[in-house]
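Asks: What follows is a predicted structure for the sequence shown.
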Amino acid sequence: MDPDIVGGIAGGAVSYLLLKIDAVVTREWNLQENINTALQNLGIELRSIEALLRNAASKKDPDHQFTDWIQNVRDQAYAIEDVLDLFRLHQDQETGLRSFKMRHSINKLIKDIEGSLQRIQQIKDRYHTMPFTGIHSAPNNTDLHPVRGMAPFFNDTVVGFEEHTNKLISWAVEEKQRLEVMFVVGMAGLGKTTLVHSVYESQRVKQGFNRHVWITASKSKTELDILLTLLVEEFGCSITQGTAADVVALARKLRKLLLNQRYVIVLDDLSVKEVWESVRHAFPDGNNSRIIITTRRGDIANSCRDGDSIDIHKLQPLSPESAKQLFYQKAFSRNGRCPSGLEEVSKSILQKCDGLPLGIIEIGKLLSNKSTKNEWKTLHDSLESELRSTGELSNIMKVFSASYKDLPFHLKYCFLYMSIFPENYPVKRRRLVRLWIAEGFVIKKSGKTLEEVGEEYLKELMDRNLIKANELDFDGLPTIVGVHSLMLKMILSISQEENFCTVCTEDLTGNTRRLSIQKQDFEASDQDLSRVRSFFSFGIGKVNIGSNFKLVKVLDIQGTPLKEFPNVITGLLLLRYLSLRNTNIKSIPDSLSNLRHLETLDLKQTLVTEVPKAVLQLEKLRHLLVYRYNMEGVRPFDIVQGFKAPKKITALNNLQTLSFVKASLQSRLPRQLRMIQGLENLTQLRKLGVVELAKEDGARLCHSIGKMPNLHSLSVTSLNLEVPLELDAMSTNPPAFLQRLYLKGPLQKLPKWISSLHDLVRIRLKWSSLPESPIRALENLPHLVEFQLLDAYTGTQLEFKSGKFPQLKILDLQQLKQLRSIVMEEGTLPCLQKLIIGHCRNLVHVPGGIGKLVHPQMLVLYDMPQTAYQLRCLVRHIPCIHSYKHGQLEVFHDH
């Protein structure tokens, strides 16, 4: 294992523990003085060790003795975490004499660990006198030219880059009397360096500039290195000792030299934002000069894009066809054709490469010397081991690991968490963030919720091109995330060696802190799971939960074939996250009240219809999800099945998510005792779902919602299709930050307050039967992206005026039975991409003005009078038209 990676894990464990110890000592527990003192001493020792680890991060090529030392640090950090969690567990369990004995035992454990840390310190002191094998010093100028430090496939011509190359060359030579900057951004291994080098060496660029400079910025991390290189290497300047460390003076000198030059400068593999911010002022504007910067970090590129002279070119993985062509070139260099016997294994390897040129080229070259199907299958099955530092594909690991090493400790943990999920598993964004929070990885920031900070972590990992969006929501935010297949192999390797997570596909061996079950059946009671903090099962088979992992904090067994709530769960007193989603449990026991640290309770898609009063004792609960979509034997209106909540559920004032709670069962209670009345106490709510709302409770719900200043998502369903929603009473104080609004049930008129929702991005009105068109009330909302009307309007015409709905991308009109015409004035819906019209039987003509829409990408019709051929003749500018009749897609030919 790369010592830098090992040090990163150990450093993360130590930093995380320091936060935990500070919390314990300062606010969480009323500790005995001897335990308090012992913990403080641990903190002192750990801070000293943390300082060494941070210092070691600036060193190069530490030896094996150092690697052993930091592994000892990691192990002791885990041991301290065990003690702290054990003490918390017995704080919850014990009183009296037994508690006193346990405190004494805990104090002894802490003393033992303190002794171990002191021995580690002594080893450190001895190690401190030993030189590292290399230390970063002055810039090595041999690394600052394009013949050195290139990507592993620098000399390869990568298939599929032609369009990128031509685009960048055209940008570079275009006549503009100013300096322009292009960031070329993409994950490690995509070929950014190779692409830019082909542009840099092209004849048109060579002839168009009189100064050509290439600097490998990853080797010159400071602004001084870059400025000195430019001055000394390119201009032959002699730099006096007095000015060698003066960034301002060097920048001024360089600017003067470049003033009348037309130059192209490449900064390859920039990884520190401050470097660019410091040197950018050394480059004079004008003369059609160009700077190209390659970087793995989209966050740097985005933050530096402060004008139209700075642009970003995002490099994406190769298309499947280009990837196959490149792979065949490397693996079958003689003729570029794949033998029929290797086609299946080739296809599987290409799927794992997922369009990444680095992986395709390295694996292809390795396989070019192997000819039998067995040899190919062996490599396919051993990719993870071959990617390690001693494997034949270690070059891929080296390139990937640079991105990992750059991460701060908390993001290292968050990134490694992806090792828990099976390959190609759809990881939901909100689930991932809640898991990070439960693990304690998310550090609280003033003025922000933990969820908001966790979202920032995820965004940074995505901007750094480490985590990718596999599925986007209508507003462009990711709903499903993942990592590249080859990157996952690296994560699994690190995770296994550092005891971060054990993926169990066969028999379980050794101790682990996080356990991911990916096998048919698992019997937990037969295993030693005393150190497990997180337990996952991915719905492959039966999992029997034992009582032998008392310290577990995360239990996620969604999708397993459970029919009853496992009572052993209520003994897991440190549990913070519990997901039984997609199981067949019907109820939860009163003893759930034991789980005083629980933050997330996910019972979505279970058969639970009522939550007991015991849940009121879960004071730390932040997310309560108890509902299912019942698709069988019910009317569409009744698909969402909520739950009966205890009337005092409003005592859970840390709740941020509450869905879907039934309001109908409160109607017999006095108005002041109804749950709807008490919702006003849930001032932290971000997401609220209410079903079966009676007409007389509408005003009270409006009053309660008015007390929820942070509400982002609201869903309200009436008692039935005959009972109207009365929601006008919110006009004085609607939730200012509401982004998503779902109203299901009759409306006599659209509530006026909706037109004031500045941040609204989605509105869905279903079964509203509005006599007046809602268009006028919604057309000026500045951020509205999706608008749906389903059986929501009884009029005959919808009119979209010019300049309205400035950001709308999706318009969905269904079951508008009286609708006869849709008029779209020129200039309306300027951003519309997708138009859905369904079951509007009286709408016999294509919407008037549809031919003048600017950006339509898709038209979808369900059981409409027009035929697909008629539509194609009328709306040829729309590239994709789907027309369904009775659930069947119409097939037609465009003549």
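Replies: Yep, it's here.

Asks: could you show me where the helices are in the stretch 151-300 of the chain, in order?
Replies: 162-173, 192-200, 203-208, 223-229, 235, 247-258, 273-279, 298-304 (DSSP state H, counting those that start in this stretch).

Asks: Looking at those, which is nearest to Tyr328?
Replies: helix 162-173 (17.4 Å; C-beta to C-beta). To be clear about C-beta, it is placed using only N, CA and C from the backbone, and glycine gets the same treatment.

Asks: So which residues of the stretch 701-850 of the chain form strands?
Replies: With DSSP state E, counting those that start in this stretch as the criterion, the stretch 701-850 of the chain has strands at 713-718, 740-744, 762-766, 786-790, 797-800, 810-814, 821-824, 834-838.

Asks: Columns mean pLDDT, distance to Pro646 and mean neighbour count on top of those strands, output as a markdown table?
Replies: Listed next are these as a markdown table, based on pLDDT from 0 to 100; distance: least, C-beta to C-beta, whole Å; neighbours: other C-beta atoms under 10 Å:
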| stretch | mean pLDDT | distance to Pro646 | mean neighbour count |
| --- | --- | --- | --- |
| strand 713-718 | 96 | 21 | 22 |
| strand 740-744 | 97 | 25 | 20 |
| strand 762-766 | 97 | 29 | 21 |
| strand 786-790 | 97 | 33 | 21 |
| strand 797-800 | 95 | 44 | 18 |
| strand 810-814 | 96 | 37 | 19 |
| strand 821-824 | 92 | 47 | 18 |
| strand 834-838 | 93 | 40 | 20 |
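
Asks: a markdown table for the helices of the stretch 151-300 of the chain, including mean pLDDT and distance to Leu621?
Replies: What follows is the helices of the stretch 151-300 of the chain, written out as a markdown table (pLDDT from 0 to 100; distance: least, C-beta to C-beta, whole Å):
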| stretch | mean pLDDT | distance to Leu621 |
| --- | --- | --- |
| helix 162-173 | 94 | 50 |
| helix 192-200 | 94 | 45 |
| helix 203-208 | 92 | 60 |
| helix 223-229 | 78 | 49 |
| helix 235 | 75 | 65 |
| helix 247-258 | 84 | 52 |
| helix 273-279 | 84 | 39 |
| helix 298-304 | 90 | 33 |
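
Asks: and Asp528, which of those is closest to it?
Replies: That would be helix 298-304 among the helices of the stretch 151-300 of the chain, by C-beta to C-beta, at 42.0 Å.

Asks: I'd like the helices of the stretch 151-300 of the chain as CSV, with distance to Pro426 and mean neighbour count appended.
Replies: Supplementary listing: these in CSV, determined by distance: least, C-beta to C-beta, whole Å; neighbours: other C-beta atoms under 10 Å:
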stretch, distance to Pro426, mean neighbour count
helix 162-173, 30, 16
helix 192-200, 28, 23
helix 203-208, 43, 13
helix 223-229, 42, 22
helix 235, 54, 14
helix 247-258, 48, 17
helix 273-279, 32, 18
helix 298-304, 23, 19
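
Asks: coming back round to it: any chance of a markdown table for the strands of the stretch 701-850 of the chain, columns distance to Ala663?
Replies: Listed next are the strands of the stretch 701-850 of the chain as a markdown table, based on distance: least, C-beta to C-beta, whole Å:
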| stretch | distance to Ala663 |
| --- | --- |
| strand 713-718 | 9 |
| strand 740-744 | 13 |
| strand 762-766 | 18 |
| strand 786-790 | 22 |
| strand 797-800 | 32 |
| strand 810-814 | 27 |
| strand 821-824 | 36 |
| strand 834-838 | 30 |
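
Asks: Relative to Pro865, which of those is closest?
Replies: Closest to Pro865 of the strands of the stretch 701-850 of the chain, according to C-beta to C-beta: strand 834-838, at 10.7 Å.

Asks: Which stretch among the strands of the stretch 701-850 of the chain approaches Phe87 most closely?
Replies: Closest among those, using C-beta to C-beta: strand 713-718, at 38.8 Å.

Asks: which secondary structure elements does the closest one contact?
Replies: Under the contact definition 3 or more C-beta pairs under 8 Å, 6 or more residues apart in numbering; DSSP states H and E, strand 713-718 sits against strand 657-662, strand 687-693, strand 740-744.

Asks: let's see it at 7 Å
Replies: Where contact means 3 or more C-beta pairs under 7 Å, 6 or more residues apart in numbering; DSSP states H and E, strand 713-718 is packed against strand 687-693, strand 740-744.

Asks: how near is Leu743 to Glu696?
Replies: 17 Å (C-beta to C-beta, to the nearest Å).

Asks: Sorry, wrong one. I was asking about Lys347.
Replies: 62 Å.

Asks: Neighbours of the spatially closest residue to Ser718 that is not a sequence neighbour, how many?
Replies: Nearest residue to Ser718 in three dimensions, chain neighbours excluded: Gly745, at 2.7 Å (C-beta to C-beta, 6 or more residues apart in numbering). Neighbour count for Gly745, taken as other C-beta atoms under 10 Å: 26.

Asks: Pretty sure Glu826 sits against Lys852.
Replies: Yes: using C-beta atoms under 7 Å, Glu826 makes contact with Lys852 at a distance of 4.8 Å.

Asks: Looking only at neighbour counts, state which of those two leads.
Replies: Per other C-beta under 10 Å, whichever of Glu826 and Lys852 has more neighbours is Lys852, with 15 against 11.

Asks: Pull up the gap between that one and His877, please.
Replies: To His877, Lys852 is 9 Å away according to C-beta to C-beta.

Asks: before we move on, what about Thr717?
Replies: According to C-beta to C-beta, Thr717 stands 39 Å off from His877.

Asks: what's around Ile349, how many residues?
Replies: By the measure other C-beta under 10 Å, the count of residues near Ile349 is 22.

Asks: Over to Gly236?
Replies: The burial count for Gly236: 7, using other C-beta under 10 Å.

Asks: which phi and psi does it have?
Replies: phi 60, psi 30 (degrees, to the nearest 10).

Asks: Need the pLDDT of it.
Replies: On pLDDT, Gly236 comes in at 76.

Asks: Tell me how far the residue nearest to Ser718 lies from Leu727.
Replies: Computed with C-beta to C-beta, the distance linking Gly745 and Leu727 is 10 Å.

Asks: re the thing from before, may I see the helices of the stretch 151-300 of the chain organised as TSV, with distance to Ile312 added?
Replies: As requested, the helices of the stretch 151-300 of the chain are arranged in TSV below (distance: least, C-beta to C-beta, whole Å):
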stretch	distance to Ile312
helix 162-173	12
helix 192-200	12
helix 203-208	19
helix 223-229	21
helix 235	30
helix 247-258	24
helix 273-279	13
helix 298-304	5
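
Asks: out of these, which comes closest to Leu889?
Replies: helix 162-173 (31.8 Å).

Asks: Just the CA atoms of the closest one, as PDB, please.
Replies: Output in PDB follows, covering the C-alpha atoms of helix 162-173 (Å, rounded to 0.1, in the frame of the first residue of the first chain):
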ATOM      1  CA  GLU A 162     -10.700  14.300 -32.700                       C
ATOM      2  CA  GLU A 163     -13.600  16.500 -31.900                       C
ATOM      3  CA  HIS A 164     -12.100  17.800 -28.700                       C
ATOM      4  CA  THR A 165      -8.800  18.500 -30.400                       C
ATOM      5  CA  ASN A 166     -10.300  20.400 -33.200                       C
ATOM      6  CA  LYS A 167     -12.400  22.500 -30.900                       C
ATOM      7  CA  LEU A 168      -9.500  23.500 -28.700                       C
ATOM      8  CA  ILE A 169      -7.300  24.300 -31.700                       C
ATOM      9  CA  SER A 170     -10.000  26.500 -33.200                       C
ATOM     10  CA  TRP A 171     -10.400  28.300 -29.800                       C
ATOM     11  CA  ALA A 172      -6.600  28.700 -29.500                       C
ATOM     12  CA  VAL A 173      -6.000  30.300 -32.900                       C
END
